[in-house]
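> Need a 3D model of the sequence below.
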Amino acid sequence: MHEPLNGIVLAGGTGSRLYPLTKVTNKHLLPVGRYPMIYHPLMRLREAGITRVAVVTSPEHMGDVVNLLGSGRELGLDLTYRVQDQPGGIAQALGLCENFAGGKPFLVVLGDNILEDSLMEEAEIFRQQQRGARILLKAVQDPERYGVPRFEGEEIVEIIEKPASPPSRYAVTGLYFYDAQVFDFIRTLSPSRRGEYEVSDLNSAYVKHSTLTYGVLDGWWGDAGTLAGWHHANELARDLIYPVLPAEA
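Just a heads-up that it's a prediction; the model follows:
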């Protein structure tokens, strides 16, 4: 798997947990530190050498997102856009990108994930991985809010979505490397109790095929999808500067 990776940034959803901040704009356009939120995943992708990126967002906010990002040229990116007509979960949004992926491996970043670490090393590890998926974990104080891996030894044997009694202190962050088989798995999924196609079910499919690996983030990581998380992400990213951004941006 030495071919270049593509990137996908998922920036859809209603932003209901950040209402009324999201009454007139997509949450991914809110500021985090000195940048719009969506710049953070895009810059981590570019930093890792991933420049061909699909952005998935909702129809009511597509115009604003395109107005901000355009073709991506000013950010050193080649952007493609996909519309998620209804909020049906991460796996559903990912399924819209099958043609974009073109049978090649890619890195998915949720648009509200803000992180300190570069993804260059993890991207290279996945390039060396012959097949399957790789997810990135972070130890957190409230794992019950996330998908949580259960380990046997060093191996992930199960991923549980928002468990009442978390089997580990690790959260599955919104950073996922996949090969093209992911789209076959997506077609086998059923909606969860929330009526969404869950990314935890998708990752569990790789677990069952023994093709899921994982890494652990060293630096800070923030999920800006809630009001508390957004405030915290702004604190974490206050002094964060991306040298790969052009001076005029």
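
> for the record, mean pLDDT for the longest strand along the chain?
Assignment by DSSP state E gives strand 170-178 as the longest strand of the chain. Computed over strand 170-178, the mean pLDDT rounds to 97.

> Touching, residue 244 and residue 47? I think so.
Yes: between residue 244 and residue 47 there is a contact under C-beta atoms under 8 Å: 5.7 Å. All C-beta atoms are positioned from the backbone trio N, CA, C, and that covers glycine.

> In terms of neighbours, single out the busier of those two.
residue 47 (16 against 13; other C-beta atoms under 10 Å).

> contacting residues for that one?
Residue 47 makes contacts with 118, 119, 120, 242, 244, as judged by C-beta atoms under 8 Å, 6 or more residues apart in numbering.

> Check the gap between the first one and residue 217 for me.
Distance from residue 118 to residue 217, counting by C-beta to C-beta, to the nearest Å: 11 Å.

> the more surrounded of those two?
More neighbours surround residue 217 than the other of residue 118 and residue 217, with 19 against 12 (other C-beta under 10 Å).

> any idea what sits nearest the more buried one, other than its immediate chain neighbours?
Of all residues not flanking residue 217 in the chain, residue 138 sits nearest, at 4.6 Å (C-beta to C-beta, 6 or more residues apart in numbering).

> Checking that neighbour next. Helix, strand or coil?
Under DSSP: H, G, I helix; E, B strand; the rest coil, residue 138 falls in the strand class.

> tell me the contacts of it?
Contact analysis of residue 138 by C-beta under 8 Å, 6+ apart lists 170, 171, 173, 216, 217, 221.
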